[in-house]
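Student: Fold the stuff below for me.
(one chain, ligands or ions: 1)
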Amino acid sequence: MNSLSEKHLLTIVKKSGIGILILDKNLNIVLANSWIIKSSGFKEKSLIGASFLAVFPELKDTRTFKSVELCLEYSQYSILTHTLNPFPFPLYDNEKNREIGKRIYQYLHIIPISIEDETDQFCMIQISDVSQQVVREKLLREKMTLANQREIEAQKASQAKTDFLASMSHEIRTPLNAILGMTDTLNETDLTEEQQEYLTVLRNSGKALFNIINDILDLSRIESGKLEMEHIHFSIRDLMSETVSLFYMKAKAKGIDVQFQIDEEISESIAGDSTRLQQVLINLLSNAMKFTEKGNIFVNTLLCEDKKNLRISVEDTGIGIPSEKLNSIFESFTQVDSSTTRKYGGTGLGLTITKKLIQLMGGEISVVSHVGVGSKFSFEIPYEGFIKRNSGIHQHWLNLELPNPENFPSCNILLAEDSEENIFIIKTFFRKYPIDISIAYNGKEALAKFKSQKFDIILMDMQMPEMDGLEATREIRKIEVANQIRASDSVPIIAISANVQKEDISKSFLAGITSYLPKPVRKQEILKLMYFYLAL
Ligand code: ADP
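Tutor: Numbers count the residues shown, from 1 in each chain. The predicted structure follows:
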């Protein structure tokens, strides 16, 4: 036998695993297969020949019935998915569900059937049970909703953590600023050797706390995406020599040799974020210094072969890092072993920040290390070299030699600051210097004083009540413009602010400040900067 007989075909249709219902042009049922009979619970006899609407009266005026009519009248093929009408027919997958009225989810194909040489149309309704799919989809959707909710909650929690860390660090910096400032001042008074020792501990602990807070603030800023990279031109040689020289004293005390070398091919001036690069170098050099007891530390800067990247490495002959720890040291709050904090201090944040900063610069960091031999941290960052103009003409104010207090230019300054504590600290800084200080407790007072007196320099706190430093600066510059005062004769305004974010700094410059000092203000820094303007 090589073809199926009508009987065969009829049996196949009747035994099919989906429901098949065939209607004639008068909407009478001509065929209902076993699946339909079983799921509907009707007897075959009561179905065959019966009118479709007599068997399924609830379908009158429904989409399903409309589709059947369109099928018979215009030979239109329709698919009715379970999403619009999940249960068109009263069909059940078992007796129990029939009793409780729990229908199966249905997916319908309504198919026009025309038979050769016959004018009459038939309509075949195919019904698939999609209950399992629907349940699975529902579960999946629920899971996805839950996962989305969790993600939103996690993001909110992480943002809250970041904001909390940022504001806490900010709040802690202000009183710490006072502590560090006062230790500087106290250090200049007559102290016994014992007192001097205590003060050194106080200063070092204060500085360590300050560094930790800065690390936390930096990390929270990086994680919240608030840290923007700068793209300025700077001398990599100056930066390297300034940074490495910060460690000379300590290295000398430990008997370690610190050296650096820069590939001659590297331009005098390169583009990038010098502050962040210095931060990376300081982190790596501090670690190298901390974990090295003898030998040397070597910082090498090379131009990669493609001349598109700089490769900077910091190599030491220190205790080294076990190979199984090499990956985890870049994670937050990770140290090689728990005794590290006790013995060497630190928070385990330095390398996390270092890695993230390098990634923000478009680079990557790696480490090679052998226990007892030493470690080599290397990173590559994009290189853009320029020929430096005006090199060496200007001296950076931080490199100025401060004269003795009695030789410091006598001057009249306006200090706009609302915190009594900060006023006190700055006054103690200037105690031995011929500096006259007028105080303004807010921007309005500063403006009034500026109108009535001439000042050599204005120190302007940026956060003040009533009128803040930004507005006061803008007003002062307006008055100068109105009085046709030349830019070179305008009063230098040094902004002092705890907000060290780039946006805040650029806003201050736009308002007309001349220079910017971050809090906590250090005595040497503020005096050098003032001297820079006074000695001009
Ligand atoms: P920490 O504040 O503890 O120094 P880091 O993130 O900078 O935090 O470093 C994480 C850990 O990696 C350190 O605690 C130390 O165990 C290890 N480590 C980092 N640099 C060196 C190095 N140059 N030599 C040996 N161990 C190092």
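
Student: from here on, contacts and neighbour counts on C-alpha atoms
Tutor: Fine.

Student: Buried residues of stretch 227-242, list them for me.
Tutor: 227, 233-237, 239-240 (16 or more other C-alpha atoms under 10 Å).

Student: Can you list which of the residues you listed are found in strands?
Tutor: 233-235 (DSSP state E).

Student: Excluding chain neighbours, what is closest to Met462?
Tutor: Leaving aside its chain neighbours, Met462 sits nearest to Gly469 (4.0 Å; criterion: C-alpha to C-alpha, 6 or more residues apart in numbering).

Student: Alpha carbons only: can I get stretch 210-219 in CSV?
Tutor: Extracted C-alpha coordinates of stretch 210-219, given in CSV (Å, rounded to 0.1, in the frame of the first residue of the first chain):
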residue,chain,number,x,y,z
PHE,A,210,42.5,61.9,56.0
ASN,A,211,43.9,59.6,53.4
ILE,A,212,41.4,56.9,54.2
ILE,A,213,38.5,59.3,53.9
ASN,A,214,39.8,60.6,50.6
ASP,A,215,40.1,57.0,49.4
ILE,A,216,36.5,56.3,50.4
LEU,A,217,35.3,59.5,48.8
ASP,A,218,37.2,58.8,45.6
LEU,A,219,35.9,55.2,45.4
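
Student: is it anywhere near the ligand?
Tutor: No. Under the criterion of C-alpha under 6 Å from any ligand atom, the ligand is not reached by stretch 210-219; the shortest gap measures 8.4 Å.

Student: Pull out the buried positions in that stretch.
Tutor: Result for stretch 210-219 [16+ other C-alpha under 10 Å]: buried residues 210, 212-219.

Student: residues making contact with stretch 278-286?
Tutor: Stretch 278-286 has contacts (C-alpha atoms under 8 Å, 6 or more residues apart in numbering) with 239-240, 243-244, 247, 314, 350-351, 354, 357-358, 377.

Student: same question for stretch 113-130, mean pLDDT?
Tutor: Average pLDDT, stretch 113-130: 91.

Student: hmm, who's touching it?
Tutor: 18-25, 68, 71-72, 75, 82, 104-112.

Student: how about 6 Å then?
Tutor: For stretch 113-130, contacts defined as C-alpha atoms under 6 Å, 6 or more residues apart in numbering pick out 18-25, 105-112.

Student: now it, how far from the centre of its chain.
Tutor: In terms of C-alpha atoms, centre = their mean, to the nearest Å, the centre of stretch 113-130 is found 61 Å from the chain centre.

Student: domains for the chain, by residue range?
Tutor: 6-129, 144-223, 232-386, 398-534 (automatic domain parsing).

Student: Which of the residues in stretch 196-203 are classified as buried?
Tutor: 199, 203.

Student: for stretch 518-526, that is, sorry about that
Tutor: Using 16+ other C-alpha under 10 Å as the test for burial, stretch 518-526 gives 519-523, 526.

Student: How about the residues of the stretch 351-500 of the chain by the ligand?
Tutor: Counting by C-alpha under 6 Å from any ligand atom, the stretch 351-500 of the chain sits next to the ligand at 351-352, 375.

Student: from those, which ones fall inside strands?
Tutor: Checked against DSSP E, those include these in strands: Ser375.

Student: which of the residues of the stretch 351-500 of the chain next to the ligand lies closest to the ligand?
Tutor: Leu351 (3.6 Å; C-alpha to the nearest ligand atom).

Student: That closest one: neighbour count?
Tutor: Using other C-alpha atoms under 10 Å, Leu351 has 22 other residues around it.

Student: Leaving out chain neighbours, which residue sits closest to it?
Tutor: Phe330 (5.2 Å).

Student: and that neighbour, how many neighbours?
Tutor: Neighbour count of Phe330, defined by other C-alpha under 10 Å: 21.

Student: Strands along the stretch 1-150 of the chain, start to end?
Tutor: 19-23, 29-32, 78-80, 106-114, 121-129 (DSSP state E, counting those that start in this stretch).

Student: what packs against the shortest one?
Tutor: Strand 78-80 sits against strand 106-114, with contacts defined as 3 or more C-alpha pairs under 6 Å, 6 or more residues apart in numbering; DSSP states H and E.

Student: Ramachandran coordinates for the closest residue to the ligand within the stretch 401-536 of the chain?
Tutor: Relative to the ligand, the nearest point of the stretch 401-536 of the chain is Pro520 (21.6 Å; C-alpha to the nearest ligand atom). Phi and psi for Pro520, reported as degrees, to the nearest 10, are phi -80, psi 140.

Student: residues in contact with it?
Tutor: Per C-alpha under 6 Å, 6+ apart, neighbours of Pro520: Asn177.

Student: Deepest in the core, which of the strands of the stretch 1-150 of the chain is it.
Tutor: Of all the strands of the stretch 1-150 of the chain, strand 19-23 has the most neighbours on average by mean count of other C-alpha atoms under 10 Å, namely a mean of 24.

Student: so that strand versus strand 121-129, what angle?
Tutor: Relative orientation of strand 19-23 and strand 121-129, computed by axes from the mean of the first three to the mean of the last three C-alpha atoms, to 10 degrees: 160 degrees.

Student: from what I can see the residue nearest to Leu351 touches Gly350, true?
Tutor: No. Look at Phe330 against Gly350 with C-alpha atoms under 6 Å: they stay out of range, at 8.4 Å.

Student: mind checking how far Met168 is from Arg203?
Tutor: The gap separating Met168 from Arg203 is 21 Å, by C-alpha to C-alpha, to the nearest Å.
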